[in-house]
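In: sequence plus the predicted model coming up.
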Amino acid sequence: MELLSCLSKKANKKLSALKACSWRSLCFLCDFFLFRCDPFFVQICYFLLTSSFGFLALWVLTPNGNAGRSKPKNLDLLFMSVSSATVSSMSSVEMESFSPAQHWVLVVLMFIGGEVFTSVLGLHFTNLKLKRESESSSSSSSTSIDKSLKFLGRVVFCYILFVNLSGVFLTLLYFSLVADARAVLRMKKIKVFLFSIFVTVSSFTNCGFTPNNENMAAFKSNSALLLILIPQILAGNTLFPPCLRLAIWVMKKTTKRDEFGDVLRRPEVAEYYKHLFPRAHCAYLALTVAGFVLVQLLLLCQQEWSSREIFHGMNAFRKLVASLFQSVNSRHAGESVFDISKLSPAILVLFVAMMYLPPYTYFVPEERDPACNSSNNRRRKLLLRSLHLSLLCFPVIFVIFISVTERKSFSIDPLNFNIFNVVLEVISAHGNVGFSMGYSCDRLIRSDGSCEDASYGFAGRWSGKGKMILMVAMLLGRLKKFHIEGGKAWNFG
């Protein structure tokens, strides 16, 4: 008995030591990963983890048995998970083949993968890092910045809740008042509540998915619904900095709290949170976004106004609203009221250019960077920038790789697999937009009668290797802010 007792004590001591060692190792890994590791590596790990968990959830849950289609392949489930987590809305599976439970999984993936939500996480970890530094250095200025960043994090989180909840409320209100819109969802057996939350989150995060196969084309005549979604799209991406600054200013005026003024006045806060632009830059960004939308709107109306195929049965007001909605979505949102393969080549080329531009692209008449006054800082910046590939390199590389993996399809199906369709698909994936030319069995040169049209994107017809390359394009596109080089007047932020 004494021997057993002695052995038990030794085993307990070794087990306690092992637990302590494991805990210290875990703390070290968490500390290194969250506070010392490169932000690019942290974020790519975040999106890989969320995509993996999303794939497992989609794989476990039962798909929709009423869709009339076979069960999606595992690679397609992974593709859809990556597409949702990176808010790219590239599809290889028809959306109605998913069950309501799987739709909720996609909602969660879109929400936690959106730029605004991930920026709140980044702000939280930055605040923790500064708090640790202030505790070690006992600096009062660091403590003050900690408080400002913590307060800003709460403001951004409230901004997310307000925009999404108001969007859901307005969408639900619209469907409760408009019978024909409800009839579309009833025919497809989609709950109004699920659709309202799904499309609101998708619009705010600029993902572009909808629970129905036709995307927003099923509602292209519902102009009020499109007008409800347009502010959601702009507030969640291209106009987030001006909207955030406006929200802080409004709360400052209404609450009279000094914390709001500190957030807007202190330049150190903007250095740690890149979405908080100076007032002048917010104006430049808003004007640039409006200019891009206006150019697309004018060209779209000029080219397609008389098209019966595009605007069939629509009056002038509905045509204008639908064109505006499509123009806003070309900048990273990806929802569509038209079959873009039927648009004129000039519009498609313009859409490609718009998808290529990062969301915070804006024109600044004069841009002086105080950080570049020092020659040492200037040389260091030039060295770091030279180590990054330009934004144009990645789409070119992906197009080359996909042209190799799909070379057989290029030869036997040249009308669908042409280089422009591939370029548009790659630019759309890398820009996290979601526009696609689709695939049409009518364009087959030799048809054996087995081809069946589907509502998912062009990438759904690619080989497994091609889909994997496009997944890499979506991941790197979601992190393209780490590879952006600005010009002297144009800021590609």
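Out: Nice, thanks for sending it over. Quick caveat: nothing in here was measured; it's all calculated off a predicted structure.

In: tell me the phi and psi of the residue nearest to Arg461 when sequence neighbours are not counted?
Out: Nearest in space to Arg461, with sequence neighbours left out and distances taken as Cβ to Cβ, 6 or more residues apart in numbering, is Tyr439 at 4.7 Å. C-beta coordinates here come from the backbone N, C-alpha and C atoms, glycine included. Note on Tyr439: its backbone torsions stand at phi -140, psi 130 [degrees, to the nearest 10].

In: mind listing what Tyr439 touches?
Out: Counting by Cβ atoms under 8 Å, 6 or more residues apart in numbering, Tyr439 makes contact with Asn416, Asp453, Ala454, Phe458, Gly460, Arg461.

In: mind running it again at 6 Å?
Out: Asn416, Phe458, Arg461 (Cβ atoms under 6 Å, 6 or more residues apart in numbering).

In: doesn't the first one belong to a strand?
Out: Just to be clear, that refers to Asn416. No - under DSSP: H, G, I helix; E, B strand; the rest coil, Asn416 sits outside any strand and is assigned coil.

In: roughly how far does the residue nearest to Arg461 sit from Asn416?
Out: Separation of Tyr439 from Asn416 (Cβ to Cβ, to the nearest Å): 5 Å.

In: and what of Val399?
Out: 16 Å.

In: Ser148 versus Asp258, what's the distance?
Out: From Asp258 to Ser148 the distance is 11 Å (Cβ to Cβ).

In: tell me where this structure has strands.
Out: Using DSSP state E, the strands of the chain run over 361-363, 490-492.

In: mind giving me the packing neighbours of the first one?
Out: In this structure, strand 361-363 packs against helix 279-304, strand 490-492, with contacts taken as 3 or more Cβ pairs under 6 Å, 6 or more residues apart in numbering; DSSP states H and E.

In: burial measure for the closest residue to Asn222 other than its chain neighbours, as a count.
Out: Counting by Cβ to Cβ, 6+ apart, Asn222 lies nearest to Ala181, which is 5.4 Å off, once chain neighbours are set aside. Residues contacting Ala181 under the criterion other Cβ atoms under 10 Å number 21.

In: swap in the one 5 residues further on?
Out: Burial measure for Arg186: 12 neighbouring residues, criterion other Cβ under 10 Å.

In: and of the contacts of Tyr439, the nearest to Pro278?
Out: Minimum distance to Pro278 across those is 40.7 Å, recorded for Phe458 (Cβ to Cβ).

In: quick one: contacts for that closest one?
Out: Asn421, Glu425, Ser436, Met437, Gly438, Tyr439.

In: that one and Ser341, how far apart?
Out: 9 Å.

In: so what sits against both of these two?
Out: Joint contacts of Phe458 and Ser341 (Cβ under 6 Å, 6+ apart) are Met437, Gly438.

In: quickly note the distance from the residue nearest to Asn222 to His281.
Out: Distance from Ala181 to His281, by Cβ to Cβ: 39 Å.

In: and the strands of the chain, which one's lowest on average pLDDT?
Out: When the strands of the chain are compared by mean pLDDT, strand 490-492 comes last with a mean of 57.

In: quick check: pLDDT value at Arg338.
Out: Check again: residue 338 is Phe, not Arg. Phe338 is given a pLDDT of 89.

In: please state the offset of stretch 245-258 from the chain centre?
Out: 28 Å (Cα atoms, centre = their mean, to the nearest Å).

In: also stretch 206-224?
Out: The chain centroid and the centroid of stretch 206-224 are separated by 17 Å under Cα atoms, centre = their mean.

In: repeat that for stretch 337-347.
Out: 22 Å.

In: can you list the low-confidence ranges for the stretch 1-150 of the chain?
Out: The stretch 1-150 of the chain contains residues with pLDDT under 70 at 1-37, 65-70, 133-144.

In: isn't Cys110 right up against Ser84?
Out: Just to correct that, residue 110 is Met rather than Cys. Yes - using Cβ atoms under 6 Å, Met110 is in contact with Ser84, at 5.3 Å.

In: those two: who's more crowded?
Out: Shown here are Met110 and Ser84; by other Cβ under 10 Å, Ser84 has more neighbours (30 against 27).

In: so the closest residue to that one other than its chain neighbours versus Asn213, what's the distance?
Out: Leaving aside its sequence neighbours, Ser84 sits nearest to Leu109 (Cβ to Cβ, 6+ apart; 3.8 Å). According to Cβ to Cβ, Leu109 and Asn213 sit 19 Å apart.

In: compare the two (neighbour count), which wins?
Out: Leu109 (30 against 17).

In: what sits against that one?
Out: Leu109 neighbours (Cβ under 6 Å, 6+ apart): Gly54, Ser84, Ala85.

In: among the residues you listed, which ones are in helices?
Out: Gly54, Ser84, Ala85 (DSSP state H).

In: and these, which is closest to Phe410?
Out: Closest approach between the ones in helices among the contacts of Leu109 and Phe410, by Cβ to Cβ: Ser84, at 28.9 Å.

In: so the closest one makes contact with Val105?
Out: No - under the criterion of Cβ under 6 Å, Ser84 makes no contact with Val105, lying 8.2 Å away.

In: in this structure, which residue is closest to the centre?
Out: Val87 (3.2 Å; Cα atoms, centre = their mean).

In: separation between Phe40 and Tyr272?
Out: 17 Å.

In: so which of those two has more stuff around it?
Out: Taking neighbours as other Cβ under 10 Å, Phe40 and Tyr272 compare with Tyr272 leading, 18 against 13.

In: state the distance from that one to Val120.
Out: 13 Å.

In: Asp413 too?
Out: In terms of Cβ to Cβ, Asp413 sits 45 Å off from Val120.

In: what's around Thr171, how many residues?
Out: 24.

In: just Lys253 next, same as before
Out: 9.

In: now do Lys147
Out: 13.

In: once you drop chain neighbours, what's closest to it?
Out: Of all residues not flanking Lys147 in the chain, Glu259 sits nearest, at 7.8 Å (Cβ to Cβ, 6+ apart).

In: just Phe47 next, same as before
Out: Ala85 (5.5 Å).

In: go ahead and confirm that neighbour touches Leu49.
Out: No - shown here, Ala85 and Leu49 do not form a contact pair, counting by Cβ under 6 Å, at 9.1 Å.

In: which one's more surrounded, the two?
Out: Taking neighbours as other Cβ under 10 Å, Ala85 and Leu49 compare with Ala85 leading, 29 against 11.

In: distance of that one from Thr405?
Out: Separation of Ala85 from Thr405 (Cβ to Cβ) stands at 23 Å.

In: for Ser336, give me phi and psi.
Out: phi -140, psi 140.

In: so what's it up against?
Out: The contact partners of Ser336, by Cβ under 6 Å, 6+ apart, come to Asn215.

In: against Leu343, how distant is it?
Out: Here the distance between Ser336 and Leu343 works out to 10 Å (Cβ to Cβ).

In: same check on Arg443?
Out: Counting by Cβ to Cβ, the gap from Arg443 to Leu343 is 16 Å.

In: of these two, which one has the most company?
Out: Leu343 (20 against 15).

In: what's the closest non-adjacent residue to the more buried one?
Out: Spatial nearest neighbour of Leu343, chain neighbours left out: Glu304 (6.6 Å); criterion: Cβ to Cβ, 6+ apart.

In: confidence score at that neighbour?
Out: 88.

In: good, we can wrap up now.
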